[in-house]
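S.K.: Dropping a prediction and its sequence here:
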Amino acid sequence: MPEAFEPSATYRITVALERPGMERAGFQLTARVGAGSGAGGPAGALRALPGDHRVQASPAADGATYAQHTEAGTALTRPGAASWTVEWRRPRRPRPPAANAANDDASEFGDFIHTASATTRPAGP
């Protein structure tokens, strides 16, 4: 994430996950306002990169956009690692991603959920 975002810019965000022995992986990402009168509300929009069939972005009822892996997007990008890139368009007004390291046995056993968060703010004085 950029330390500060420019009002007219679009940014690429990459979610990367590494875990030895991982056979499949997935992620879900949304952008939310962290403080102030809009806290918890949507913070801009996410979209899959054109032609990328590993990621999909869908609107939620509250106006937020959720980006997540598709079935094809659960394949690893290299042994023990996966990554996905989305575009984020800044909010009109100035939740952490989660990733799943799975063992490909079609159950929740042996799977690990990892979370992280990043904060950015409007650029300027």
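M.R.: Okay, I see it. From a predicted model like this one, the values you see are computed outputs, not experimental measurements.
S.K.: quick one: contacts for the closest residue to T10 other than its chain neighbours?
M.R.: Spatial nearest neighbour of T10, chain neighbours left out: R89 (5.0 Å); criterion: CB to CB, 6 or more residues apart in numbering. Quick note: C-beta positions are derived from backbone N, CA and C, even for glycine. By CB atoms under 8 Å, 6 or more residues apart in numbering, R89 lies in contact with 10, 44-45, 47.
S.K.: at 7 Å instead, please
M.R.: By CB atoms under 7 Å, 6 or more residues apart in numbering, the residues touching R89 are 10, 44-45.
S.K.: Tell me where the model's unsure across this protein.
M.R.: Along the chain, segments meeting pLDDT under 70 span 1, 7, 91-100, 108, 118, 121-125.
S.K.: So which residues of it form strands?
M.R.: If DSSP state E is used as the criterion, the strands of the chain fall at 4-5, 10-18, 24-30, 45-48, 55-59, 65-69, 81-89, 98-102, 112-115, 121-122.
S.K.: sorry, back to before: just the buried ones from the contacts of R89?
M.R.: 44-45 (16 or more other CB atoms under 10 Å).
S.K.: what about the strands of the chain, which gets the closest to G36?
M.R.: Nearest of those to G36, taken as CB to CB: strand 121-122 at 11.0 Å.
S.K.: circling back to that earlier point, what would the strands of the chain look like in a markdown table with distance to G38?
M.R.: Below are those laid out as a markdown table (distance: least, CB to CB, whole Å):
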| stretch | distance to G38 |
| --- | --- |
| strand 4-5 | 15 |
| strand 10-18 | 19 |
| strand 24-30 | 14 |
| strand 45-48 | 15 |
| strand 55-59 | 17 |
| strand 65-69 | 15 |
| strand 81-89 | 16 |
| strand 98-102 | 22 |
| strand 112-115 | 22 |
| strand 121-122 | 13 |
